[in-house]
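S.K.: quick check, what structure comes out for this input:
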Amino acid sequence: MNHGPYGALINWFARNSVAANLLMAILLVGGFATVLTIKKEIQPRIETNFISINVPFLGATPADAEEGVVIKIEESIQDIEGIEEIVSTAGRGFGRVQVEVNADYEVTEVMDQVKNRVDAISTFPENTEKPVISRTQFQQQVVMVTVYGDVTERSLKEFAKQVRNEVVTLPGVTRAEILGSRPYEISIEVSEFTLQSYGMTLSEVAQAIRRGSLDLSAGAIRSDSGDILVRTKGQAYIGRDFENIVVRTNPDGTRVLLKDIALIRDAFVESERFAEYNGKPAITIRVLSVGDQSELDISATVQDYVDRKSANVPDQISLAAWADVSYYLKGRLDMMVKNLIMGAALVFLILALFLRLKLAFWVMVGLPIAFMGAFFLMPTLDVTVNMLSLFGFILVLGIVVDDAIVIGESAYTNMRAKGHSVDNIVEGVMKVAVPATFGVLTTIAAFLPILLVTGISGQFFAAIGWVVILCLAFSLVESKLIQPAHLAHMKVKHYEKDTHNHFIRFQRFFSEGLHKVIDDHYAPFLKKALEHRYLTLSLFISMLILSIGLLAGGILRFVFFPDFTSDFLQVQLEMTEGTPANETHDALRRVTEALWEIDRQVSEDQGVESGAAVQSVMAFANNDTSGQIITELVKENNDVIEGPEVLRRWREQVGIIPGIKTLGFEGATGPGGGPSVSLQLIGSNIEQVGRAANDLEERIRRYEGVFDVRNSYERGTPEIKLNIQPEAESLGLTLSDLARQVRAGFYGEEVQRIQRGQDEVRVMVRFPRDERDSVGYLDNMRIRTPDGGRVPFHAVAAVERSESPTTIRRYDRERAVRISAEVDKENYEPGKITADILEKELPEVLASYPGVRHRLSGASQSQQEVQRDLITGAAFALFLIYALMAIPLRSYSQPLIIMSVIPFGTIGALVGHLILDIQVSLMSFFGIIALAGVVVNDSLILVDFVNRERRLGVPLYQAVTDAASKRFRAILLTSLTTFFGLIPIVLEKSLQAQIVIPMAASLAFGILFATVITLFLIPSLYIILDDFRNWWISAWRHVLPRKPDRVGPAVGESSQARVGDG
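M.R.: Model (predicted):
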């Protein structure tokens, strides 16, 4: 019988076992080799479409940075094609612009255009540094190494530098960076009184230092014996080198040295530093992985180094390695492999109950072949081994053998009926080859929406989609080209009816019991369901409505980005504007002490002195008014105390701290990125935007379940604006002269930068600290006039007091304010709260403040974007599934029968969430979308069998019941293998599995209910379609009487050769 090129290929491989075995060996060996070398990491590598432009503007206020840097960059790049949005931040001493590139454009090409435009700006203020333009990248931290102890800051920093240098020379480690240390700075301080005594200015002192501290090449002397290089060598590198620089030489030959008039401090920049690890001053080295470096190897190498180094550290200095992600990576790898093995064992057990042991074995062989084939191609798609890709293997565990089950069961059935020969095996395979192939293709199509999600969330979950698609593709290769050859050459042992083989007797008992269930229970019940097919349909529709009611009624809560309990807790602290740095540090210590108090309480309950709950605590200040605390709990300690409980007790223990503006506690991780509710208000008038933000903030605070409400609008810190007096202009002074001299005295004038080993050190000339810590010192300052005279500051300058924001945020070239809040996701749905704010509160606020507009940001924006991508992807997948069914069925209407059951698959998914008591989330939707392809797989083969029976002239009802009875075992088998393959991960209790359980639950329970759909609803819909067709023909005859066309025996059949509906 001619089956075309596809059948010829299957037939050729079935008869050529050498080719089949070589193909199998290539996939197995290639995949195994890839497993040994492929990069293993905790999460997928993320490539962003963001470009960052950073411009240091030392000493500038946020308003100066906005006007002098940010606005100029925005205006220069705003018309570049491919830019999606521009988000800017101006802070004290810097301006930053972040550009989001449209997904349809190449980031590097847009970045080149941005760089050209920014480099062309010639009007940046004098004190700005060269713009740094880069693509925003996620860096994978492997482990933190902290140096801590009660020693001087210099000792701590020098030892930390030594540790960092030794770490980067370790095998396999190439990148480590120091955090929490201040840069070195040489500060040359000259008092105003001294300057007046010597008749000098700070500018003159700075020029003298530049002249006296330099290395300069003077060329070469070309002598007969060769060139002799000449250069001056006078560069000062440390504080004492500057002491003997000549500042002035008097007419009498005496010299004024720098040490005579200045205090030279070789120390650190003047910003207040606060960084403590477990209550002691600390500096941390963050070790990162680069490229294909193994995080497991890096961690093991660094941990071994820390163990060796700890034995040789100086007195009062300690070394600790913490926040080691390899622990979690190993845990996830072990957990996934364990569940994979358990799932595979359950799948094999199910197969062994239904099929002959040898047949079950050859079906299971398809599993490693498909998996190794997927591993073989993963590097070409830039997919690594991580938690998400490993979950993809578990997800597809039961699905990947479905095709092999269908092929093997059909071939074995045909072999038992007609005898064991290659021809009979090929004939059995060909009976289901086409619908089985298209069934797998529909499953592949169902996973495509995961790949169509854009942005960071899309890249995060794409690994699941690629792994599933690769495994399914190789399952096709295995089931059509390799498995038939194995079945054709399989030795089949025939057992007598009274065999003493206990396993065979059990199998026969199970098989006969199954046939009895089919004949005595399923078939009669199916006939009743078909007789009352409209009642059957109504029952399924009722169940669908009830399941949707679980969500609508709040019995099941929908949290798009759920939180997953983590071993890391974090606190963000922000004090009111103008708070002294020491008060901020005291507040950080108070919050840290509250955590240690909880640890003491838990330890006492456990009968130990300390360390029962908290392992490490790192506290550091971001600036004078804000700080952060990161703590690592004792790992896998849920039987003692869970992270959320520690967080709740920590929040209560801290209580109210005077001067606190915001205090945010975070104790979970998730893919959403940021607070649960996040909005931006945008407008040209920042005062009006601020008032609108304050109004909206108050409204959000009224919602139950909302906490940690934050408003980025702030009145700012006190600011003094200087203007030139008219009298000063008559003396030849300009505003520029005034600003430059005041800046030199209070911020400092940068004399030079020197490279001292690995450190770039700035040399600054300024007033002493005690002469610039009060506004009153401005009055004591003397301003130098162009003719060399000196006049009091207040005689030439007008002072205006105002306020300046500590940070200015802008969105698409307008001022923006962000309002964010966290939501108690255990009891409330962030999506509903956000929707209520957008529908009720926000319109009232915007109506009161014309010119103010809004946009979603953070997790709220991510949810909106992902939902949009999922809807688009689902629509595309449904069309593709329809097309892939219409082709083998040769019908336009029959695919609609099958696809109409897709919504019913959600019944099982939602009930599964209810049983497991888990929230419906983004991962749940991924599972439901994937379920669509799996649901139609068995239905497609069932409908194809009905069509075959009809073409043989079998009456409609008998054809439907016979096909359903014949396919009962295969349908039940494919469903059970999928369900039991996922059961281990569904029941997993570890923190590592929480992110993937919702998707597994959707697929596992959905496929279980899909079995009922396939066995009862599909046959009913098939006959309902025939009813509808007959009604249509009858109605058409009534409207337009004529000789009707011959009605074929199959539903929608247009000829003897095919089933279709024209």
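S.K.: phi first, then psi, for the residue lying farthest from the centre of the chain.
M.R.: Most distant from the centre of the chain: Asp252, at 72.3 Å, with distances by Cα atoms, centre = their mean. Per-residue torsions, Asp252: phi -90, psi 10 (degrees, to the nearest 10).
S.K.: how near is Tyr305 to Asn16?
M.R.: 55 Å (Cβ to Cβ, to the nearest Å). C-beta coordinates here come from the backbone N, C-alpha and C atoms, glycine included.
S.K.: next, the contact list for Ser88, please.
M.R.: 66, 70, 73-74, 95-98, 809-811 (Cβ atoms under 8 Å, 6 or more residues apart in numbering).
S.K.: which of the residues you listed lies closest to Lys528?
M.R.: Nearest to Lys528 among those is Tyr811, at 63.3 Å by Cβ to Cβ.
S.K.: the closest one contacts Gln680, doesn't it?
M.R.: Yes - between Tyr811 and Gln680 there is a contact under Cβ atoms under 8 Å: 5.9 Å.
S.K.: please enumerate the shared neighbours of those two.
M.R.: Arg855.
S.K.: helices of the stretch 351-500 of the chain, residue ranges please.
M.R.: Secondary structure of the stretch 351-500 of the chain (DSSP state H, counting those that start in this stretch): helices at 357-377, 387-418, 422-452, 455-477, 483-488.
S.K.: for Tyr811 and Gln680, indicate the residue with more neighbours.
M.R.: The neighbour comparison of Tyr811 against Gln680 (other Cβ atoms under 10 Å) goes to Gln680, with 23 against 20.
S.K.: check the helices of the stretch 351-500 of the chain for me: which has the lowest mean pLDDT.
M.R.: Of all the helices of the stretch 351-500 of the chain, the minimum mean pLDDT falls on helix 387-418 (a mean of 79).
S.K.: now the angle from it to helix 455-477?
M.R.: Inter-element angle recorded for helix 387-418 and helix 455-477: 20 degrees (by axes from the mean of the first three to the mean of the last three Cα atoms, to 10 degrees).
S.K.: buried ones in helix 387-418?
M.R.: Within helix 387-418, the residues scored as buried using 16 or more other Cβ atoms under 10 Å are 387-412, 414-415.
S.K.: what segments of the stretch 901-1050 of the chain are helices?
M.R.: Counting by DSSP H, counting those that start in this stretch, the helices of the stretch 901-1050 of the chain are 902-916, 922-951, 956-986, 997-1012, 1018-1039.
S.K.: now the shortest one: average pLDDT?
M.R.: Just to be clear, that refers to helix 902-916. On average, helix 902-916 scores 86.
S.K.: list the helices and strands that helix packs on?
M.R.: helix 533-552, helix 922-951, helix 997-1012 (3 or more Cβ pairs under 8 Å, 6 or more residues apart in numbering; DSSP states H and E).
S.K.: contact partners of the first one?
M.R.: Just to be clear, that refers to helix 533-552. Outside helix 533-552, the residues touching it (Cβ under 8 Å, 6+ apart) are 529-530, 555-556, 558, 903-904, 906-907, 910-911, 914, 920, 1013, 1016-1017, 1020-1021, 1023-1024, 1027.
S.K.: from the residues you listed, list the buried ones, please.
M.R.: Buried, going by 16+ other Cβ under 10 Å: 529-530, 556, 558, 903-904, 906-907, 910-911, 920, 1013, 1016-1017, 1020-1021, 1023-1024, out of the contacts of helix 533-552.
S.K.: what ranges do the strands span in the stretch 1-150 of the chain?
M.R.: Ranges of strands in the stretch 1-150 of the chain, per DSSP state E, counting those that start in this stretch, are 47-56, 83-91, 94-101, 132-137, 140-148.
S.K.: where do the helices sit along the stretch 1-150 of the chain?
M.R.: 4-15, 17-37, 62-65, 71-77, 107-119.
S.K.: pick the most deeply packed of these.
M.R.: Ranked by mean neighbour count under mean count of other Cβ atoms under 10 Å, the helices of the stretch 1-150 of the chain are led by helix 62-65, which reaches a mean of 22.
S.K.: what is it packed up against?
M.R.: strand 83-91, strand 807-811.
S.K.: least reliable of the ones you listed going by mean pLDDT?
M.R.: Among the helices and strands packed on helix 62-65, strand 807-811 scores lowest, with a mean of 84.
S.K.: the helix or strand just after that strand packs against which elements?
M.R.: Counting by DSSP states H and E, the next helix or strand C-terminal to strand 807-811 is strand 814-823. Applying 3+ Cβ pairs under 8 Å, 6+ apart, one finds that strand 814-823 makes contact with strand 677-683, helix 686-701, strand 706-711, strand 807-811.
S.K.: just the CA atoms of the last one, as PDB, please.
M.R.: This means strand 807-811. Backbone C-alpha positions of strand 807-811 (Å, rounded to 0.1, in the frame of the first residue of the first chain) are rendered in PDB as follows:
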ATOM      1  CA  THR A 807      16.100  62.900  43.100                       C
ATOM      2  CA  ILE A 808      14.300  64.000  39.900                       C
ATOM      3  CA  ARG A 809      12.600  61.400  37.800                       C
ATOM      4  CA  ARG A 810      11.400  61.900  34.200                       C
ATOM      5  CA  TYR A 811       9.400  59.900  31.800                       C
END
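S.K.: what's that strand in contact with?
M.R.: Here strand 807-811 has contacts from 62-63, 65-66, 70, 74, 85-91, 680, 682, 712, 714, 815-818, 855, using Cβ under 8 Å, 6+ apart.
S.K.: repeat for the second one
M.R.: The contact list for helix 686-701 (Cβ under 8 Å, 6+ apart) reads 677, 679, 681-683, 706, 709, 711-713, 815-817, 819, 821, 837, 841-842, 845-846, 848-849, 851-852.
S.K.: filter those residues down to the buried ones.
M.R.: Using 16+ other Cβ under 10 Å, the buried members of the contacts of helix 686-701 are 677, 679, 681-683, 706, 709, 711-713, 815-817, 819, 821, 837, 841-842, 845-846, 849, 852.
S.K.: any low-confidence regions in the chain?
M.R.: 1-3, 491-504, 507, 561-565, 636-639, 668-674, 715-716, 991-992, 1040-1062 (pLDDT under 70).
S.K.: residues of the lengthiest strand in it that come out buried?
M.R.: Longest strand in the chain, counting residues (DSSP state E): strand 564-575. Across strand 564-575, burial judged by 16+ other Cβ under 10 Å covers 564-567, 569-575.
S.K.: so what strands line up beside that strand?
M.R.: Sheet pairing of strand 564-575 (DSSP bridges) gives strand 626-633 (antiparallel), strand 660-669 (antiparallel).
S.K.: so after that strand, what's the next helix or strand?
M.R.: Counting by DSSP H and E, what follows strand 564-575 is helix 581-606.
S.K.: other residues contacting whichever helix or strand comes after that following helix?
M.R.: Counting by DSSP H and E, the next helix or strand C-terminal to helix 581-606 is strand 614-623. Residues from elsewhere that reach strand 614-623 (Cβ under 8 Å, 6+ apart): 92, 144, 146, 180, 271-279, 282, 284, 320, 322-323, 581, 584-585, 588-589, 591-592, 595-596, 598-599, 627-635, 646.
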